[in-house]
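*Asks:* Pasting a predicted model and its sequence here:
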Amino acid sequence: MRRKLVVGNWKMNGRIAQNQALIEAVVGGVRESRNADYVLCVPYPYLGQAQSLLKDTNVTWGAQNLCANESVALTGAVSAYMLADYGCSYVIVGHSERRMQFHETDDTAATRFNAAEKAGLTPIFCMGESKEERESDWTEYVVGRQLDSIIRRFGAEVLEKAVLAYEPLWAVGTDVAATPEQAQKVHSFIRDRVAKCDAKIAKNVRILYGGSLNPANAAALFAMPDIDGGLVGRCSLDAKSFVAICKAASQ
Ligand code: 13P
């Protein structure tokens, strides 16, 4: 039985003065909800603040990206080992906003995925098709290609310590979430593709849904057999909404 996981992706939001109230409200809200795992992925400057407020709670923390290199002359980059120094357990890799706005590719996402695992972090690897790709019936081609960028290079065994996330681009930040059936279809495609390489890993790997998740749609999405939790953007900035989504996962 896979344990559900809810990850808040704050994206480029937060201020040191307001983070504390948000984090404390989340911690207080999910303290008794013991049947799922919770993570907050905060911007780099707030990792220390997240670490000090979340240690010894049932909420862990992580980052939203990393650089694949270690200790080199790369201005502005942050390595996996730096994230580990701040006690991060998770790091998001290959988010569509990074792929589109920072020109990250399947190849560089795969390299960062590997760097995260080597440093002992759990990568949350994002995949998803655009609206145009869905309308052209390319969803499985695109998601399959993104998944294969890891499996072909490193083998399916690297998914043993990873989390996968299906985030259709047309649902991210739009208020148009995938229906439970639409999401389930892609999640089951992803799990089947992993199963072709390793059935046991496919059975255990958690596949999160992301894209306009909210308290009203979370329970129905989480009820689907291959949806193992959520990657939450906007609603992770509001403690009440985020806690409600966490509680839906803990049912
Ligand atoms: P929204 O929940 O704001 O649609 O964002 C989803 C997302 O991109 C999470 O990584």
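*Replies:* The structure has been received and is ready for your questions.

*Asks:* list the contacts for Thr105?
*Replies:* By CB atoms under 8 Å, 6 or more residues apart in numbering, the residues touching Thr105 are Arg99. Placement of C-beta: from N, CA and C, glycine included.

*Asks:* what are the phi and psi angles of it?
*Replies:* When read as degrees, to the nearest 10, the backbone of Thr105 gives phi -110, psi 170.

*Asks:* Name the residues of stretch 143-160 that are buried.
*Replies:* For stretch 143-160, the neighbour count (16 or more other CB atoms under 10 Å) marks 143-144, 146-147, 149-151, 154, 156, 158-159 as buried.

*Asks:* could I get the residues you listed as TSV with distance to Ser241, secondary structure and pLDDT?
*Replies:* Output for the buried residues of stretch 143-160, formatted as TSV (distance: CB to CB, whole Å; DSSP: H, G, I helix; E, B strand; the rest coil; pLDDT from 0 to 100):
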residue	distance to Ser241	secondary structure	pLDDT
Val143	27	helix	98
Gly144	32	helix	98
Gln146	28	helix	98
Leu147	30	helix	98
Ser149	33	helix	97
Ile150	31	helix	98
Ile151	34	helix	97
Phe154	36	helix	97
Ala156	35	helix	97
Val158	33	helix	98
Leu159	30	helix	98
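
*Asks:* okay if I get the residues you listed as a markdown table plus distance to Ala249?
*Replies:* Converted to a markdown table, those look like this (distance: CB to CB, whole Å):
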| residue | distance to Ala249 |
| --- | --- |
| Val143 | 23 |
| Gly144 | 27 |
| Gln146 | 24 |
| Leu147 | 23 |
| Ser149 | 28 |
| Ile150 | 25 |
| Ile151 | 27 |
| Phe154 | 29 |
| Ala156 | 26 |
| Val158 | 25 |
| Leu159 | 21 |
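
*Asks:* residues contacting the residue in the stretch 1-150 of the chain that the ligand sits nearest to?
*Replies:* Using CB to the nearest ligand atom, the single residue of the stretch 1-150 of the chain nearest to the ligand is Asn9, 3.7 Å away. Applying CB under 8 Å, 6+ apart to Asn9 gives the contacts 41, 64, 92, 95, 210, 231-233, 236.

*Asks:* And for Ile190?
*Replies:* The contact partners of Ile190, taken as CB under 8 Å, 6+ apart, are 127, 143, 147, 164, 166, 207, 226.

*Asks:* do Tyr90 as well
*Replies:* If you count contacts by CB under 8 Å, 6+ apart, then Tyr90 has 7, 39, 41, 60-63, 121-124, 163 around it.

*Asks:* near the ligand, from the contacts of Asn9?
*Replies:* 95, 210, 231-233 (CB under 6 Å from any ligand atom).

*Asks:* Nearest to the ligand among the residues you listed?
*Replies:* Closest approach between the ones next to the ligand among the contacts of Asn9 and the ligand, by CB to the nearest ligand atom: Gly233, at 2.2 Å.

*Asks:* number of nearby residues for that closest one?
*Replies:* When neighbours are defined as other CB atoms under 10 Å, Gly233 has 21 of them.

*Asks:* ok, now Pro225?
*Replies:* Around Pro225 there are 10 other residues, counting by other CB under 10 Å.

*Asks:* Correct me if wrong: it contacts Ala183.
*Replies:* No. Using CB atoms under 8 Å, Pro225 makes no contact with Ala183, being 11.2 Å away.

*Asks:* could you list every residue that touches the residue nearest to His187 when sequence neighbours are not counted?
*Replies:* Once flanking residues are discounted, His187 sits nearest to Asp226: 3.7 Å by CB to CB, 6 or more residues apart in numbering. Residues near Asp226 by CB under 8 Å, 6+ apart: 184, 187-188, 190-191, 207.

*Asks:* let's see 10 Å
*Replies:* Under the criterion of CB atoms under 10 Å, 6 or more residues apart in numbering, the neighbours of Asp226 are 2, 166, 183-192, 202, 206-207, 209.
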